[in-house]
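Engineer: When you get a sec, could you give me coordinates for this:
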Amino acid sequence: MAHIDITHGLDEEARNEVAQMPRSERLAQIAALRNMSVRDLLQEVSEQTGLPIIDHIELIDDPAWSLPLRLIHEYQCVPVRNGQPEDLEEFDPEAVNTGPIPLVTLWPPDATMDRWIFATCGRMPEWYLGDPLQVNETITEHYGVGAGSLDESQLVTDVTETVEDEDENAAVIRFVNEVVSKAVSDRATDIHFEPHRDELQIRYRIDGELVPIRVPDNLIRFQGAIISRLKIMAKLNISEKRRPQDGRISFGSGKSELDIRISTFPTMYGESVSLRLLNQKSAPLSMRELGLSEEEERRVTHTLTTPHGIILVTGPTGSGKSTSLTAFIRLINRPERRIITVEDPVEYEVPGVNQTQVNPEIGLTFAQSLRAVLRQDPDVIMVGEIRDRETADIAIRASLTGHLVLSTLHTNDAPGALTRLVDMDIEPFLIASSVEMIIAQRLVRRLCPNCARPASYTDRQIAGFLATMRIHPDEAANSHLAKEAVGCERCRTLGFRGRVGLFEILRVTDEIHEHIVRRDSARVIRQTAVSQDMRTLMQSGWAHVKKGTTTIEEVMRFAELENDED
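Structural biologist: Numbers count the residues shown, from 1 in each chain. Next comes the predicted model:
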């Protein structure tokens, strides 16, 4: 095959970086560096190599055309039907075994690939090019994540048992690494290894939803080795299987540096293992990327410029509270400000900010850390969470002595945060004097822009949606702006890609101040806040529906909860 060069225009450092990347990531990286689409770059490769492009991959499901799983994953190639008769049985058996095998790949093949294909299946390859995302998803869907690592046909079986064990251990190590790397590329936040009677199930949490991952059929055979490998990586006791254990793993995946939190839990059929993936090098979101409207951003920014007081972000677990706090810290981070954070754990690194993690095992709790922080002459303090009265009391007193304090609370809405502090036995007048703003938030899935289409609802359906969300009926005139999820290859057929925030922002005005001092209920506080133009979570959701950011169904998931609280 003639020499090709699709990295022209890139400096030597960028070329070396691309050369060291996995085959599945090279084309997208080069396209990004050259500021062009992957499709245009693929066309350029096709013109240079003479290899045709396949737009739709149709696999050949026949043992005579199969490849070892390890080669499929190593070279990112699959046998395709394109150009072949519809009925493979029409082939003469000898022709099937001796003719060329049609393969689609996502990166130009080389002579080494040709030799390996011929050595393993006795036929020379007939190469086609395919979209990297489509090829990668096809391999994952039909062959499973890491199937090539656990291909038993590749294990040594005709030598000593010791060598066979070593090869199996190496296969398990490769498999675990591939599962984690695939999770990173799919933007997963969690990985769950769940043992059942007849299988070891692996699921990713992507955009807040659990997605089952296809795995090799023989995975149950390696269950013990896989769980042990994860525990070894986290320096846990592999012989202790009766009690839960917690640990952490440092994992490098390409340019990403992951801090993985691991938790084991004994079940009927073995230990269930959950991994929380924290990308140390991922860039925190900006205020606009969080999903705040222009007016909401203005209000939050104005409050962040105050020299003292408390700003609380509330919501259930997984609602993006830490991400929002980090975005706020980035906004106010200046050389003349000393900012210290106490987190559990540190999810994003912010240059110029002093960040620490709590460690309850040695007594370093939020309350104890906060006391120490106050002796460090800070201007701004960020406390990961107010969990108890002691932490709340210290945070409030810090705000009253000239510090800006940012923290989170586990409440369902903004008014509920005020009554939650009262429930912690904090004096109402202290709450009213220190709390400046409360932001309640939720995360909804963002529609995939590649496949979303206009939604079709009846007038009756729209009226029901608006009534449930407590939106004015006149908004029915904007229902034509709503879109629905479809699903395509770019979003893994889910119809969604990424998430966006819904926000409810409550400013502690004089009227709200009086409600707090009188110990009024959250419902009374909410009514006053709404009368003062506080936009509710549902109103925020409807605004995103009209922009085509998310669907009505996504917003409706939280509507019943809000109505129950009212």
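Engineer: any idea of the mean pLDDT in stretch 472-491?
Structural biologist: Mean per-residue pLDDT for stretch 472-491: 89.
Engineer: Flag every buried residue along that stretch.
Structural biologist: For stretch 472-491, burial by neighbour count (16 or more other C-beta atoms under 10 Å) applies to Glu475, Ser479, Ala482, Lys483, Ala485, Cys488, Arg490, Cys491. Heads up, the C-betas are built off the backbone N, CA and C, glycines and all.
Engineer: gap between the two ends of that stretch?
Structural biologist: Its first and final residues considered, stretch 472-491 spans 33 Å by C-alpha to C-alpha, to the nearest Å.
Engineer: got it, and stretch 499-514?
Structural biologist: Length of stretch 499-514, first residue to last, C-alpha to C-alpha: 37 Å.
Engineer: next one: stretch 307-326
Structural biologist: 18 Å.
Engineer: and the strand or helix carrying Ile226, how far out from the chain's middle?
Structural biologist: Assigned by DSSP states H and E, Ile226 belongs to helix 223-233. Distance of helix 223-233 from its chain centroid, counting by C-alpha atoms, centre = their mean, to the nearest Å, is 23 Å.
Engineer: do the same with stretch 508-525
Structural biologist: 38 Å.
Engineer: tell me how far the ends of that stretch are from each other?
Structural biologist: 10 Å.
Engineer: who touches that stretch?
Structural biologist: Under the contact criterion C-beta atoms under 8 Å, 6 or more residues apart in numbering, stretch 508-525 has outside partners 413, 415-416, 418-419, 422, 428-429, 431-432, 435-438, 506, 528-529, 532, 565-566.
Engineer: just the buried members of these?
Structural biologist: 413, 415-416, 418-419, 428, 431-432, 435-438, 506, 528-529.
Engineer: Quick one, which of those has the minimum pLDDT?
Structural biologist: Out of the buried ones among the contacts of stretch 508-525, that is Asp413, at 90.
Engineer: Return the helix or strand in this protein with minimum mean pLDDT.
Structural biologist: helix 93-98 (a mean of 50; mean pLDDT, DSSP states H and E).
Engineer: Alpha carbons of the very next helix or strand once past it, as PDB, please.
Structural biologist: For helix 93-98, the following helix or strand on the C-terminal side (DSSP H and E) is strand 101-105. These are the backbone C-alpha positions of strand 101-105, laid out as PDB (Å, rounded to 0.1, in the frame of the first residue of the first chain):
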ATOM      1  CA  ILE A 101     -12.100 -12.000   3.500                       C
ATOM      2  CA  PRO A 102     -13.800  -8.500   3.400                       C
ATOM      3  CA  LEU A 103     -12.900  -6.400   6.400                       C
ATOM      4  CA  VAL A 104     -13.800  -2.900   7.400                       C
ATOM      5  CA  THR A 105     -11.400  -0.900   9.600                       C
END
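Engineer: Following element in sequence after strand 101-105, please.
Structural biologist: As assigned by DSSP H and E, the chain's next helix or strand after strand 101-105 is helix 111-121.
Engineer: Which other helices and strands does that next one contact?
Structural biologist: helix 69-75, strand 101-105, strand 125-130 (3 or more C-beta pairs under 8 Å, 6 or more residues apart in numbering; DSSP states H and E).
Engineer: Quick one: closest of these to Gly464.
Structural biologist: strand 125-130 (44.5 Å; C-beta to C-beta).
Engineer: about what we covered before: and the helix holding Ile226, what does it pack against?
Structural biologist: Secondary elements touching helix 223-233 (3+ C-beta pairs under 8 Å, 6+ apart): helix 161-185, strand 188-195, strand 245-253, strand 256-267, strand 270-279.
Engineer: quick revisit: determine which two of the buried residues of stretch 472-491 are furthest apart.
Structural biologist: Glu475 and Arg490 (30.9 Å).
Engineer: Including mean pLDDT and mean neighbour count, could the helices and strands packed on helix 111-121 go into CSV?
Structural biologist: Output for the helices and strands packed on helix 111-121, formatted as CSV (pLDDT from 0 to 100; neighbours: other C-beta atoms under 10 Å):
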stretch, mean pLDDT, mean neighbour count
helix 69-75, 76, 20
strand 101-105, 86, 22
strand 125-130, 88, 21
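Engineer: just so I know, which of those lies nearest Ala171?
Structural biologist: Nearest of the helices and strands packed on helix 111-121 (C-beta to C-beta): helix 69-75, 9.2 Å.
Engineer: what packs against the closest one?
Structural biologist: helix 111-121, helix 132-143.
Engineer: Please dump the ones you listed into TSV; it should also carry mean pLDDT and mean neighbour count for every row.
Structural biologist: Output for the helices and strands packed on helix 69-75, formatted as TSV (pLDDT from 0 to 100; neighbours: other C-beta under 10 Å):
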stretch	mean pLDDT	mean neighbour count
helix 111-121	80	14
helix 132-143	79	19
